[in-house]
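>>> can't give you the sequence, but here's the structure:
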């Protein structure tokens with residue numbers, strides 16, 4: 001059967017998403033400040049504008065959307081109004097009683113602060129890539145005793161959550177390396193401790209981190225999702241990933257139909273980077289990505305956005321008694337994640353076809369070649 005060129009469909013989908021992003025504009029605020037979905041009640045949930053906006057900003061940047069100079073400055077000012085003196089970005093309205101990631105409240109807030117800050121900084125970087133970030137909150141992790149104690153508390157019964165913790169801290173360390181604010185030898189020593197931790201705990205059978213992978217399919221899937229984040233540390237520092245080929249084999253065993261926005265982008269990220277770095281099953285990777293790409297394009301919502309999943313309730317990560325909306329709606333989080341997957345697959349299948357603008361910071365949206 002003839003395999004059609006998907007590029008015209010990608011370009012049409014891109015134009016529809018840019019139009020949908022325009023429709024998410026919050027009235028009366030700088031261009032780019034975005035509702036998270038069409039049902040987002042800004043008067044009731046003003047804080048949700050922050051994740052709505054940083055996801056929309058990075059999605060628009062990836063797709064080649066443009067701002068003029070005044071719009072960039074206004075949007076940067078709006079984002080920075082959510083930054084504390086130590087550099088942490090916080091979603092207004094989050095309260096102690098309403099958040100949970102771990103039983104230790106300090107660990108819960110650290111996870112949320114790391115996650116929101118990494119992606120808020122990604123939006124800032126999209127608007128002004130040369131603007132130095134404030135990273136005072138991350139400086140304590142340059143002390144070996146503090147970093148070792150933190151690593152000892154990582155719980156590999158939940159490798160997906162810990163993969164987020166690891167990549168976010170790694171992102172801040174690499175930003176210190178890029179912009180200064182810490183001695184290079186301090187940063188490199190901290191990165192060395194991170195790699196020591198990974199070397200000790202990686203599962204050779206899969207190339208992932210996490211317990212129970214060999215006897216529980218859900219544990220294996222979550223280990224994959226976490227490992228994709230951990231892998232970014234290797235990509236960004238030029239270190240080869242042990243057992244990388246086994247991670248590829250697992251990803252290629254997964255179906256190419258639609259899963260959650262997170263799982264789909266993780267699988268695509270893993271395979272695209274492996275195609276760059278390994279001489280292993282490259283033809284299989286290209287075939288898998290083409291099938292996944294077709295499924296992703298078919299999944300686009302009629303309004304031009306993308307949904308995460310079709311069933312259930314969607315929340316901001318960690319805000320367990322905060323903002324909710326039904327799954328199945330186009331939202332800026334899912335639109336950005338699904339466009340990362342589309343763009344990465346398209347960039348591999350048709351190199352140089354169009355100028356995708358991937359993140360330079362590690363974390364979802366990072367593309368190794370884009371940072372070279």
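Sure, I can see it. Every value quoted in this text rests on a predicted model; they were computed, and no experiment measured them. Numbering: from 1, shown residues only.
>>> Could you use CA atoms for every contact and neighbour count after this?
Will do.
>>> correct me, but residue 134 touches residue 86?
Yes: with contact defined as Cα atoms under 8 Å, residue 134 reaches residue 86; the gap is 6.6 Å.
>>> between the two, who's got more neighbours?
residue 134 (19 against 12; other Cα atoms under 10 Å).
>>> Tell me how many other residues crowd the residue nearest to the more buried one when sequence neighbours are not counted.
Leaving out its chain neighbours, the residue that sits closest to residue 134 by Cα to Cα, 6 or more residues apart in numbering is residue 87, at 4.6 Å. Residue 87 is flanked by 18 other residues according to other Cα under 10 Å.
>>> again with residue 18
18.
>>> now swap in the one 3 residues further on and tell me
Counted with other Cα under 10 Å, the neighbours of residue 21 add up to 27.
>>> Any stretches of the protein with poor pLDDT?
Residues of the chain meeting the criterion pLDDT under 70: 1-3, 370-372.
>>> Report the separation between residue 272 and residue 62.
17 Å (Cα to Cα, to the nearest Å).
>>> With residue 173 instead?
24 Å.
>>> for the nearest residue to residue 261 once chain neighbours are set aside, phi and psi?
Take residue 261 and drop its neighbours on the chain: the residue closest to it by Cα to Cα, 6+ apart is residue 308, 5.0 Å away. Note on residue 308: its backbone torsions stand at phi -80, psi -70 [degrees, to the nearest 10].
>>> Which other helices and strands does the host helix or strand of residue 108 contact?
Taking DSSP states H and E as the definition, residue 108 sits inside helix 105-127. Using 3 or more Cα pairs under 8 Å, 6 or more residues apart in numbering; DSSP states H and E, the elements in contact with helix 105-127 are helix 49-62, helix 69-80, helix 159-179.
>>> quick check, distance from stretch 341-359 to the centre of its chain.
16 Å (Cα atoms, centre = their mean, to the nearest Å).
>>> scratch that, stretch 132-150
On Cα atoms, centre = their mean, the centre of stretch 132-150 falls 21 Å from the chain's centre.
>>> List the buried residues of that stretch.
132-135, 137-139, 141-142, 147 (16 or more other Cα atoms under 10 Å).
>>> And stretch 106-121, by the same measure?
108-121.
>>> Pull the residues that contact the helix holding residue 108.
Contact partners of helix 105-127, identified using Cα atoms under 8 Å, 6 or more residues apart in numbering, comprise 50-51, 54-55, 57-58, 61, 72, 76, 79, 87-91, 96, 99-102, 131, 133, 164-165, 168-169, 171-172, 317-318, 359, 361, 363.
>>> and the angle for that helix with helix 159-179?
For helix 105-127 against helix 159-179, the angle by axes from the mean of the first three to the mean of the last three Cα atoms, to 10 degrees is 50 degrees.
>>> Now do helix 105-127 against helix 69-80, angle only.
Using the same axes, to 10 degrees: helix 105-127 against helix 69-80 is 180 degrees.
>>> So which residues of the stretch 251-372 of the chain form strands?
Taking DSSP state E, counting those that start in this stretch to define them, one finds strands in the stretch 251-372 of the chain at 313-315, 324-326.
>>> what ranges do the helices span in the stretch 251-372 of the chain?
Per DSSP state H, counting those that start in this stretch, the stretch 251-372 of the chain carries helices over the ranges 261-277, 282-298, 332-349, 368-371.
>>> Now render the ones you listed as CSV, adding distance to residue 33.
Formatted as CSV, those follow (distance: least, Cα to Cα, whole Å):
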stretch, distance to residue 33
helix 261-277, 22
helix 282-298, 26
helix 332-349, 11
helix 368-371, 26
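>>> Of all those, which one is nearest residue 226?
Evaluated over these, closeness to residue 226 peaks at helix 261-277, with 8.7 Å, by Cα to Cα.
>>> Give the buried residues for the closest one.
Those would be 261-275, for helix 261-277 by 16+ other Cα under 10 Å.
>>> what does stretch 227-247 give?
Result for stretch 227-247 [16+ other Cα under 10 Å]: buried residues 227-233, 235-236, 241-242, 244-247.
>>> Contacts for that stretch next, please.
Counting by Cα under 8 Å, 6+ apart, residues outside stretch 227-247 touching it are 159-160, 163-164, 166-167, 170, 204-209, 224, 266-267, 269-270, 274, 278, 280, 362-364, 366, 368.
>>> what about the residue nearest to residue 261, neighbour count?
Residue 308 has 24 nearby residues by other Cα under 10 Å.
>>> got a list of what it touches?
260-261, 327-331, 333-335 are the contacts of residue 308 under Cα under 8 Å, 6+ apart.
>>> Can you tell me which of these are classed as buried?
Here, 16+ other Cα under 10 Å leaves 261, 327-331, 333-335 buried among the contacts of residue 308.
>>> Out of those residues, the closest to residue 295 would be?
Looking across the buried ones among the contacts of residue 308 and measuring by Cα to Cα, the closest to residue 295 is residue 261, at 12.2 Å.
>>> among the buried residues of stretch 227-247, which two are most distant?
236 and 246 (20.4 Å).
>>> Of the buried ones among the contacts of residue 308, which is the nearest to residue 196?
Of the buried ones among the contacts of residue 308, the one sitting nearest to residue 196 (Cα to Cα) turns out to be residue 261, at 30.8 Å.
>>> pretty sure the closest one contacts residue 339?
No: in this structure, residue 261 is not within contact of residue 339 by Cα under 8 Å, at 9.6 Å.
>>> circling back: for ChimeraX, write a command that selects the buried ones of the contacts of helix 105-127.
A single ChimeraX command selects the buried members of the contacts of helix 105-127 (16+ other Cα under 10 Å):
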select :50,51,54,55,57,58,61,72,76,79,87,88,89,90,91,99,100,101,133,164,165,168,169,171,172,318,359,361,363
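>>> Count the neighbours of the residue nearest to residue 92 when sequence neighbours are not counted for me.
In space, and not counting its chain neighbours, residue 92 is closest to residue 47: 4.4 Å by Cα to Cα, 6+ apart. When neighbours are counted by other Cα under 10 Å, residue 47 registers 17.
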